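Asker: Fold the following for me, if possible:
(chains A, B, C, D, E and F)
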4 protein chains.
Amino acid sequence: MEEFDYSQLGLSDKEERIFKASIEIFSKKGFDGATTYEIARHAGVAEGTIFKYFKTKKGLMKTMTIKMIGMFSGKMILSSVEKILANPEDKNLRQLLKELLFDRIKLVDSLFPAAKILLVETILHEDVREAVYTHIVKEGIALFAKFQKTMIAKKVIREDLSPETIFRSIFGNIAMIIAQRKLFPETIRFTNLETEVETIIDIICRGIEPE
Amino acid sequence: MEEFDYSQLGLSDKEERIFKASIEIFSKKGFDGATTYEIARHAGVAEGTIFKYFKTKKGLMKTMTIKMIGMFSGKMILSSVEKILANPEDKNLRQLLKELLFDRIKLVDSLFPAAKILLVETILHEDVREAVYTHIVKEGIALFAKFQKTMIAKKVIREDLSPETIFRSIFGNIAMIIAQRKLFPETIRFTNLETEVETIIDIICRGIEPE
Amino acid sequence: MEEFDYSQLGLSDKEERIFKASIEIFSKKGFDGATTYEIARHAGVAEGTIFKYFKTKKGLMKTMTIKMIGMFSGKMILSSVEKILANPEDKNLRQLLKELLFDRIKLVDSLFPAAKILLVETILHEDVREAVYTHIVKEGIALFAKFQKTMIAKKVIREDLSPETIFRSIFGNIAMIIAQRKLFPETIRFTNLETEVETIIDIICRGIEPE
Amino acid sequence: MEEFDYSQLGLSDKEERIFKASIEIFSKKGFDGATTYEIARHAGVAEGTIFKYFKTKKGLMKTMTIKMIGMFSGKMILSSVEKILANPEDKNLRQLLKELLFDRIKLVDSLFPAAKILLVETILHEDVREAVYTHIVKEGIALFAKFQKTMIAKKVIREDLSPETIFRSIFGNIAMIIAQRKLFPETIRFTNLETEVETIIDIICRGIEPE
DNA sequence: TATGAATGAGAATTCATTCAT
DNA sequence: GATGAATGAATTCTCATTCAT
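Answerer: Numbers count the residues shown, from 1 in each chain, chains lettered A, B, ... in the order given. Got it, this is the predicted structure:
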């Protein structure tokens, strides 16, 4: 699994170490369950340093949330756009989806701790929920709307489905794959990711392709 | 939305009030973010009373987790079995799924605070994860395996899909519907649940029905 | 020196102990120099108890400031009014002033730690300054205005002085006596309070009596 | 109001900037309430620079206290001596006092922040108290003793008052004037300083002049 | 049984001080 | 000399837990 390159976030050395440590600790214990002492020790900095950079524990969480949303929306949405736009005419829907999902799954795989934090925060806090909606959900749907339009024009996707519905279905399916892989890894000892993705795409495509 | 009948949990009056208050507070703030003071005030009991009944805050959480898992597995899994077993021969796959999903969504809707807690805890804590796996996921898949067998026999479901895959797809889709309804309610102002469920079932069934 | 009776403040046992300890510690080290740990230890309570009663350290200070202003305005102003109003016709100005000042000095003597805190806070904080002005200074001047009126009618006080001026002069003189006694006690080994007060009254009265 | 000329303190540029900033911040928040960060920012130097010059925060305070005491004793006591000694024979007591007090009030006015710090420290700390006593109070009383002697010789001051008593009375009165002007400025909108001083001198002189 | 005042261990936060640059 | 990032000891504050009533 490729590591996410945190240096692109434009943080100073210590800041980056705190950031990484925070992701690790917060993802394991949640915001309130984590202590700044533990984060500091993990980051190899003094506890006071955290507060120099992030003012308060909540401030640390806020900064992290923003950066994480940026990471996901940038990596997931924008790079998807590029991939789709760069689509050489001959690739079919399944091939395209496969590449897309496979990358996305790999990405979330590598960012799973961050994803956990974001999910928990989305569930618990209104403000994070709003930010996630605006920068990830809305953007994702908008992207799918465009994608869908192109695909409808090529007559490879049914016309009677809203982009929200398709997005939700695809998102729900890959979320489940990731959840299973990450939360219940012992249940997937005998299947491999590629086959799983192909099967899911088969199901989805049968569902969304015209008859 | 019908209220869940907590009296069937076999708790004393105060215990039940603490239980309900805990669900409300924990679902809003998470386990570590909630204080026993707030729960006590909400339940209308003294803080000490919580400890009389549940020994520790963690003990309260553990009891709650167990009861909540029981609630979900009982209501979701067992009652599904009954519904499916009681299936009069003439109902087709889509009709059956629709009834099943519709009920399940309504149930989770009414138990959403509990579902939130369980989800967050599943994400954060190994032990809850295990319990959820054993009593909900595994049971759910087992149920689907049986269901699938019957359906394959009737030739209304493809033979080449594992029950895990189908379960995951159905579960992922309804999870997304519930998440959207509950977390981003402002996005569903113009769609109604029944239509949404029908659309999703259409997609899933096309995906899982034989060609 | 008679002790101030703190029980009249209507505080619970622990609250009163915290209050007394706070006066002692704050008067010795100032607000920021005092620690809640030290106050708690001095009061014989747990540190947490302070926060149960006063929410924050600042809250403790605020409550104390209010109570102390109440103590001073009540004891100094109101009881002065009574004394003056109860003045049997035959007492002359000097006799009256002597009794008044003597009591006031004794009072401030016994409340000196509180007076120190109030003085420092008055110097450092706008809000305390305002409260002290409204409840002590203004009240004091109003009282003197009445007193002066009576005395002018009896022709024992010059007519050409504002009550502010007289108040300031008297207050300034007794403040200096108290300051000397309390801050530089080694300088008064050979004088006694009664003589000092009589001398000061002599000076003041010559100054404010008509020629 | 004339500014005090800090350059005469013989400090280097940065040192002087730290000194001025310290007076401002300490006078607003007290010693413990002020932070070296704020002082540094205010002085336009790095936090470390403060410690280069003054070793510790307490060292800064000590140096400041000494310089401030020097400022006051020099400016208030020594220059008073000169004024009195330079007294051309024809000036009467009231004229002399008026000039003296007027200057002193103006001086304290311009040095009020320093005076606040010194007052608070005198109240709170034994060592400052001692230094203030030795260099300001004792000196002031000694000065008054001489002054009184001359005046008694001229038969313009009563013989039966100790210099301490007179000093205290004069000091108390001007302290109150300054306190009122600085702490409760809204109460003096309609009086002017010169008249106030003259009135106070009238009261004091009646009090201390022989009958 | 139920209470809630009191506790104190533990967490967040502050800030004087150091030191490599 | 001067800087300011980094430190960590000290301080404020929180909250699960206890226990006398």
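
Asker: so residue A:33 touches residue B:123, yeah?
Answerer: No. Taking contacts as CB atoms under 8 Å, residue A:33 lies outside contact range of residue B:123: 11.7 Å. Just so you know, the C-beta spots here come from the backbone N, C-alpha and C atoms, and that holds for glycine as well.

Asker: Compare those two and say which one has the larger neighbour count.
Answerer: residue B:123 (20 against 16; other CB atoms under 10 Å in any protein chain shown).

Asker: so what pLDDT did the more buried one get?
Answerer: Residue B:123 is assigned a predicted lDDT (pLDDT) of 95.

Asker: Name the secondary structure element that contains the residue nearest to it when sequence neighbours are not counted.
Answerer: Leaving aside its chain neighbours, residue B:123 sits nearest to residue A:116 (5.4 Å; criterion: CB to CB, 6 or more residues apart in numbering or on different chains). Element membership of residue A:116, judged by DSSP states H and E, is helix A:112-124.

Asker: near DNA strand F at all, that helix?
Answerer: No. Judged by CB under 7 Å from any atom of the strand, helix A:112-124 and DNA strand F are separated, with a smallest distance of 14.5 Å.

Asker: coming back round to it: ok, now how distant is the residue nearest to residue B:123 from residue A:182?
Answerer: Counting by CB to CB, to the nearest Å, the separation of residue A:116 from residue A:182 is 8 Å.

Asker: same deal with residue A:135?
Answerer: When residue A:135 is compared with residue A:182 (using CB to CB), they lie 23 Å apart.

Asker: Repeat that for residue A:138.
Answerer: Taking CB to CB, one finds residue A:138 at 25 Å from residue A:182.

Asker: Next one: the residue of chain A found nearest chain D, what pLDDT does it get?
Answerer: Among the residues of chain A, residue A:52 lies closest to chain D, at 11.1 Å counting by CB to the nearest CB. Note on residue A:52: pLDDT of 96.

Asker: who's more crowded, residue A:116 and residue A:182?
Answerer: The residue with more neighbours, out of residue A:116 and residue A:182, is residue A:116; 20 against 16, by other CB under 10 Å.

Asker: shouldn't the more buried one be in contact with residue B:122?
Answerer: No. Between residue A:116 and residue B:122 there is no contact under CB under 8 Å: 10.5 Å.

Asker: And the residue in chain A that chain C sits nearest to, its phi and psi?
Answerer: The nearest approach of chain A to chain C comes at residue A:56, 16.2 Å away (CB to the nearest CB). With angles defined as degrees, to the nearest 10, residue A:56 sits at phi -140, psi 170.

Asker: Share the number of residues neighbouring it, please.
Answerer: Neighbours around residue A:56, by other CB under 10 Å: 11.

Asker: cool, and residue A:71?
Answerer: Neighbours of residue A:71 using other CB under 10 Å come to 19.

Asker: what's next to stretch A:122-138, contact-wise?
Answerer: With CB atoms under 8 Å, 6 or more residues apart in numbering or on different chains as the contact definition, stretch A:122-138 has outside contacts at A:65-66, A:69-70, A:72-73, A:76-77, A:118, A:121, B:28-30, B:33, B:116, B:119-120, B:183-184, B:187.

Asker: give me every residue that touches residue A:101.
Answerer: With CB under 8 Å, 6+ apart, residue A:101 has these contacts: A:170, A:174, A:197, A:200, A:201.

Asker: Max pairwise distance over those: which two?
Answerer: Maximum pairwise distance in these, criterion CB to CB, is 11.2 Å, between A:170 and A:197.

Asker: okay, and the helix or strand of chain A with the least pLDDT?
Answerer: helix A:79-85 (a mean of 72; mean pLDDT, DSSP states H and E).

Asker: Generate JSON lines for the contacts of residue A:101, with neighbour count, distance to residue D:60 and pLDDT as supplementary columns.
Answerer: Output for the contacts of residue A:101, formatted as JSON lines (neighbours: other CB atoms under 10 Å in any protein chain shown; distance: CB to CB, whole Å; pLDDT from 0 to 100):
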{"residue": "A:170", "neighbour count": "22", "distance to residue D:60": "65", "pLDDT": "89"}
{"residue": "A:174", "neighbour count": "22", "distance to residue D:60": "62", "pLDDT": "89"}
{"residue": "A:197", "neighbour count": "21", "distance to residue D:60": "67", "pLDDT": "90"}
{"residue": "A:200", "neighbour count": "24", "distance to residue D:60": "69", "pLDDT": "91"}
{"residue": "A:201", "neighbour count": "23", "distance to residue D:60": "71", "pLDDT": "91"}
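
Asker: for the residues you listed, which one is nearest chain B?
Answerer: Looking across the contacts of residue A:101 and measuring by CB to the nearest CB, the closest to chain B is residue A:200, at 6.9 Å.

Asker: Not counting sequence-adjacent ones, nearest residue to the closest one?
Answerer: Nearest one to residue A:200, counting by CB to CB, 6+ apart, is residue A:173 at 5.0 Å.

Asker: check which helix or strand covers the one you found.
Answerer: Using DSSP H and E, residue A:173 maps to helix A:163-183.

Asker: ok, back up a step: to which secondary structure element is the residue of chain A closest to chain D assigned?
Answerer: In this assignment (DSSP H and E), residue A:52 forms part of helix A:47-54.

Asker: Output that helix as PDB - backbone C-alpha positions only.
Answerer: The C-alpha coordinates for helix A:47-54 follow below in PDB (Å, rounded to 0.1, in the frame of the first residue of the first chain):
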ATOM      1  CA  GLU A  47       3.300  18.700  24.500                       C
ATOM      2  CA  GLY A  48       3.700  22.500  24.400                       C
ATOM      3  CA  THR A  49       4.700  22.400  20.800                       C
ATOM      4  CA  ILE A  50       1.300  21.100  19.800                       C
ATOM      5  CA  PHE A  51      -0.200  24.200  21.400                       C
ATOM      6  CA  LYS A  52       2.300  26.500  19.700                       C
ATOM      7  CA  TYR A  53       1.200  25.300  16.400                       C
ATOM      8  CA  PHE A  54      -2.500  24.600  16.900                       C
END
